[in-house]
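1. Any chance you can model this:
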Amino acid sequence: MPPGMTERELGIRRRVHRLAEFYRHVSVYVIVITALWCFSIWNVWDGTLPNKWYSYWAIWPTVGWGIGLITHGLSVLPVWSFFSQDWEDKKVKEILAKEQNGSPK
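-> Residues are numbered from 1 along each chain as shown. Got it, this is the predicted structure:
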């Protein structure tokens with residue numbers, strides 16, 4: 001721990017850093033997915049691909065990466081506390097307490 005920093009401040013800084021990482025993730029997602037959709041639509045309008053639903057191939061990275069983004073958001077944002085930093089801290093304290101009492105697992 002850096003000198004002059006309390007454990008609470010370190011925890012808050014860690015939480016803010018994770019939140020900033022999530023916002024960067026959202027920004028990259030929006031930029032890349034927008035570019036992919038533009039390219040996909042351009043291919044259909046250009047006549048390179050037929051105008052069918054499956055020609056809009058950008059749906060697959062949008063959905064796949066979107067699931068990952070939602071999962072990342074649920075782990076960082078205070079909307080759902082499961083697997084959040086608070087949950088991790090509580091779980092660590094619980095395991096440490098069990099080990100100090102000498103009880104296995």
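
2. pLDDT below threshold where in this protein?
-> In the predicted model, the chain carries pLDDT under 70 at residues 1-2, 53, 79-85, 103-105.

3. so where do the helices sit in it?
-> Assigned helices in the chain, in chain order: 7-46, 59-76, 85-101 (criterion: DSSP state H).

4. Dead centre of this structure: give me the residue that sits there.
-> residue 72 (1.8 Å; CA atoms, centre = their mean).

5. OK, contacts around it?
-> Residues near residue 72 by CB atoms under 8 Å, 6 or more residues apart in numbering: 22, 25. Every C-beta, even on glycine, is put in place using the N, C-alpha and C of the backbone.

6. Residue 52 is nearest to which of the helices of the chain?
-> helix 7-46 (8.5 Å; CB to CB).

7. elements contacting the closest one?
-> On a contact count with 3 or more CB pairs under 8 Å, 6 or more residues apart in numbering; DSSP states H and E, helix 7-46 meets helix 59-76, helix 85-101.
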